[in-house]
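**Q** need a structure here:
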Amino acid sequence: MEAIVYEEFGGPEVLRHTAGAAVPEPGPGEVRVKVAAVGVNPVDWKRRYGWVEEFYPTTFPAVPGLEFAGTVDRLGEGVTGLAVGDEVLGWTKTGAYAEYAIADIVVPKPAGLSWETAASLPVAGETAQRVLDLLGVRAGETLFLHGAAGVVGSVGVQLAVAAGVTVVGSASESNHAYLRELGAIPVAYGDGLADRVRAAAPDGVDAVFDAAGHGVLPVAIELLGGGGPGGEAAVRERKERKERIVTIADVEAEKYGIVFSGSLGDPEAVRAGLTAHARGAAAGTLTVRLADTLPLKEAARVQELSESGHVRGKLILIP
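**A** From the prediction side, this is the model:
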């Protein structure tokens, strides 16, 4: 089958396009899917570099990619509720940058939902929902979401706003109109961020969702009235208080006593959330901005684009 494979950690040059990869076989409780579209995520190139082994250990040769949309091609032993030919979206266990992938977390693709949009939902939806649940934000509260115009951030904005939460979102000024459309109050990145957030939320913020990193955790701590970011006593106090800050992007979170969330949640909860998000996308109540769609053989270039940080929206690969 066609696939993208890498056999060592490194830059985009380690990715190899092949038409001779072995077709995987589903085990008990698994399905094989003929992939129609693949969602590209920053974690794909972070895994390629070997930066997130704690959460996503790699076995070589490896196929990148976590999320896909496609058609069920074969059922493993014990699978119920699915049939060959069903259109689904979900998470792969064998890598999504391939013609075929194995999965055990899939949900039906609603009729009328494009393959590209379907493939953009699993990672962004699950990540955003997981962090909002960890933060415990409730109607009437105010959330500061750093990196609000990114794919995960924009989904987080929509889910939080729909739950009655006021969202102050940071983004480049070129994305401020987009954030207003989603229901957020936009603020610009850069020096003086804390002051701009306070101006947008004069009564303060109740929680912080860091979807972008770039050293924002000290600002998050300041916004919640915490002590200085450094020092053992400050970190210990922060952990004991369970301060309402979660990052998905700053690997130095532990240094500040902040939660880093990078692991998939309970499978049943993931399925339920993905089903709801897919239905919302089909109904037009949840949107994901698509940036570009390219053939699978362009995977190295697409990962370079993702790593550049200058892409607006979701990048999609088509096997």
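**Q** where in the chain is pLDDT low?
**A** Flagging of the chain using pLDDT under 70 yields the residue ranges 226-242.
**Q** so where's the longest helix in it?
**A** Longest helix of the chain, by residue count under DSSP state H: helix 267-283.
**Q** chain neighbours aside, what residue packs nearest to Y178?
**A** A149 (5.9 Å; C-beta to C-beta, 6 or more residues apart in numbering). The C-beta positions use only the backbone N, C-alpha and C, and glycine is treated the same way.
**Q** and F55, how many neighbours does it have?
**A** For F55, the neighbour count with other C-beta atoms under 10 Å is 14.
**Q** name the nearest residue to it, ignoring sequence neighbours.
**A** Of all residues beyond its chain neighbours, the one nearest F55 is G262 (4.2 Å), with distances taken as C-beta to C-beta, 6+ apart.
**Q** the one you found touches V52, doesn't it?
**A** Yes - contact between G262 and V52 holds when scored by C-beta atoms under 8 Å: they sit 6.7 Å apart.
**Q** show me where this structure has strands.
**A** Across the chain, reading from the start of the chain, the strands by DSSP state E fall at 3-5, 16-18, 31-40, 67-75, 87-92, 100-108, 142-146, 166-171, 185-188, 207-210, 245-247, 259-260, 290-295, 314-318.
**Q** mind giving me the packing neighbours of the second one?
**A** So that's strand 16-18. Using 3 or more C-beta pairs under 8 Å, 6 or more residues apart in numbering; DSSP states H and E as the contact definition, the elements that strand 16-18 packs against are strand 3-5.
**Q** now do the strand it packs on: which elements does it pack against?
**A** In terms of contact count using 3+ C-beta pairs under 8 Å, 6+ apart, strand 3-5 is assigned the packing partners strand 16-18.
**Q** so for the strand it packs on, what gets flagged as buried?
**A** Of the residues in strand 16-18, those with enough neighbours to count as buried (16 or more other C-beta atoms under 10 Å) are H17.
**Q** try stretch 185-204
**A** Here stretch 185-204 shows I185, P186, V187, Y189, L193, A194, R196, V197, R198, A200, A201 as buried, counting by 16+ other C-beta under 10 Å.
**Q** what of stretch 36-55?
**A** By neighbour count on 16+ other C-beta under 10 Å, the buried set for stretch 36-55 is 36-48, 52.
**Q** cool, stretch 7-17 as well?
**A** By neighbour count, with 16+ other C-beta under 10 Å as the criterion, the buried positions of stretch 7-17 are P12, L15, H17.
**Q** equivalent analysis for stretch 151-166, please.
**A** V151, V152, G153, S154, V155, G156, V157, Q158, L159, A160, V165, T166.
**Q** how about TSV for these, with distance to L217 added?
**A** Putting the buried residues of stretch 151-166 into TSV (distance: C-beta to C-beta, whole Å) gives the following:
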residue	distance to L217
V151	21
V152	17
G153	16
S154	21
V155	22
G156	17
V157	20
Q158	24
L159	22
A160	20
V165	21
T166	22
